[in-house]
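J.: Below are the sequence and a predicted model for it; my questions follow.
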Amino acid sequence: MQHAADDVWCEIEVQKGSLVSVYRGRLERRALDAWLQGEAKGGIAIHDVYWPFDDGAGNEGWVVVGGTPGPYASGTGTLYVRADQILVIVELRDGAERDAHLLLPRSSGVADA
């Protein structure tokens, strides 16, 4: 997807039941504004989505949808979340750490966590 000049890099906390998940990616400015005004309905697309992982054995990094090996390798990079499940949105300067996964050594099972 081409990104518009007014897209916003964000960290988004989403609650499903008692589980809170954290995602990072680009939101369209109009989607962010609609959520801020309480007018967002249905799903909101998070483009170029990625999230942190920690396998508990000291291996930490980023899962990049469509960019790291594992169950999300064939994804397009867009994740849809329900607007009413979003708890917090934090604007980020950019998505620079999204490419940090390229700097991590490849070890078996790490990216699949």
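T.: Alright, I've got the coordinates.

J.: so where is the chain shaky, pLDDT-wise?
T.: Within the chain, the stretches with pLDDT under 70 are 1-4, 99-113.

J.: what ranges do the strands span in it?
T.: 8-16, 19-27, 43-54, 60-64, 79-82, 86-91 (DSSP state E).

J.: What pairs with the third one, parallel or antiparallel?
T.: Spelled out, that is strand 43-54. Strand 43-54 has its sheet partners listed here by DSSP bridges as strand 19-27 (antiparallel), strand 60-64 (antiparallel), strand 79-82 (antiparallel).

J.: again with the last one
T.: In the sheet containing strand 86-91, the strands it pairs with under DSSP bridges are strand 8-16 (antiparallel).

J.: which parts of the strand it pairs with are buried?
T.: The neighbour-count check on strand 8-16 (16 or more other CB atoms under 10 Å) flags V8, W9, C10, I12, V14 as buried. All C-beta atoms are positioned from the backbone trio N, CA, C, and that covers glycine.

J.: Roughly how far does the third one sit from L36?
T.: For C10, the distance to L36 under the criterion CB to CB, to the nearest Å works out to 11 Å.

J.: Overlap in contacts, these two.
T.: I89 (CB atoms under 8 Å, 6 or more residues apart in numbering).

J.: follow-up on the earlier one: out of the strands of the chain, which comes closest to R98?
T.: The closest of those to R98 is strand 43-54. By CB to CB, the value is 4.9 Å.

J.: How about residues contacting that closest one?
T.: 1, 3, 7, 10, 12, 21-28, 31, 35, 59-65, 67, 77-83, 86, 95, 98, 101, 111, 113.

J.: Of all the residues in that strand, which ones are buried?
T.: Applying 16+ other CB under 10 Å to strand 43-54 flags I44, I46, H47, D48, V49, Y50, W51, F53 as buried.

J.: No further queries at this time; thank you.
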